[in-house]
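*Asks:* This is the structure alone, sequence omitted:
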């Protein structure tokens, strides 16, 4: 089953410096039927104005993946990590026993990103942060693991959960397939472009909550960039 969640119907907020849409209950948006999707807890679609951002704040026991779509985000945390993650790249923060971090848009343009939170398989552990470039050419026409809790995904950023975050870029008319394991669910969003997933149309930034589908066939109706979370 594929449940389409249109972008226009998502909850959200406009804080001036931040325009956010929430695929799941978050902050002041409360929807009891959308608290999580398996281990996937948060999928926020954020637009951050130049020279603004999230000041230092704490997290614990959460895997937080940032997929930058346009612009860049600059990270600082209480472990002393600093880094700038550009469009097409990914950063992962494993909050573990606790970490404080700030995320700022220091660019001269609006930064857009997906902020994805996945619940860890186990509580605690030392917090950590990492970032990695993932050239779009490397995921042209196929799904590539960007962050993963599976040891076979050696090129992906590690996360402490039985899940993976994948990306694909497709030209109009191109197809990519992904096989879901038994009993697993998936959540998919085209960052850009219109696609069909097993015959269900999604426009840019729509969400698709997927259960009971053993194989996903994604067809690009126009040039598209697709992000997929495979979660227990």
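*Replies:* All right, it came through fine. Keep in mind it's a predicted model, so treat the numbers as computed, not measured. Numbers count the residues shown, from 1 in each chain.

*Asks:* Residue 168: which element?
*Replies:* strand 164-170 (DSSP states H and E).

*Asks:* what does that strand rub up against?
*Replies:* 65, 67, 90, 116, 118, 134, 136, 139-150, 153, 156, 159, 176, 178, 193, 195, 218-220, 223-230 (CB atoms under 8 Å, 6 or more residues apart in numbering). The C-beta positions use only the backbone N, C-alpha and C, and glycine is treated the same way.

*Asks:* Can you say which of these are buried?
*Replies:* 65, 67, 90, 116, 118, 134, 139, 142-149, 153, 156, 159, 176, 178, 193, 195, 218-220, 224-230 (16 or more other CB atoms under 10 Å).

*Asks:* In strands, which of those appear?
*Replies:* Among the buried ones among the contacts of strand 164-170, the members falling in strands (DSSP state E) are 65, 67, 90, 116, 118, 144-148, 176, 178, 195, 218-220, 224-230.

*Asks:* Pull the contacting residues for the residue nearest to the spatial centre of the chain.
*Replies:* The residue lying closest to the centre of the chain (CA atoms, centre = their mean) is residue 116, at 4.1 Å. Going by CB under 8 Å, 6+ apart, residue 116 touches 40, 42-44, 64-67, 165, 227, 229.

*Asks:* can the residues you listed go into JSON lines with extra columns for pLDDT and distance to residue 204?
*Replies:* Formatted as JSON lines, the contacts of residue 116 follow (pLDDT from 0 to 100; distance: CB to CB, whole Å):
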{"residue": "40", "pLDDT": "97", "distance to residue 204": "20"}
{"residue": "42", "pLDDT": "97", "distance to residue 204": "20"}
{"residue": "43", "pLDDT": "98", "distance to residue 204": "15"}
{"residue": "44", "pLDDT": "98", "distance to residue 204": "16"}
{"residue": "64", "pLDDT": "98", "distance to residue 204": "23"}
{"residue": "65", "pLDDT": "98", "distance to residue 204": "20"}
{"residue": "66", "pLDDT": "98", "distance to residue 204": "19"}
{"residue": "67", "pLDDT": "97", "distance to residue 204": "14"}
{"residue": "165", "pLDDT": "98", "distance to residue 204": "19"}
{"residue": "227", "pLDDT": "97", "distance to residue 204": "12"}
{"residue": "229", "pLDDT": "98", "distance to residue 204": "17"}
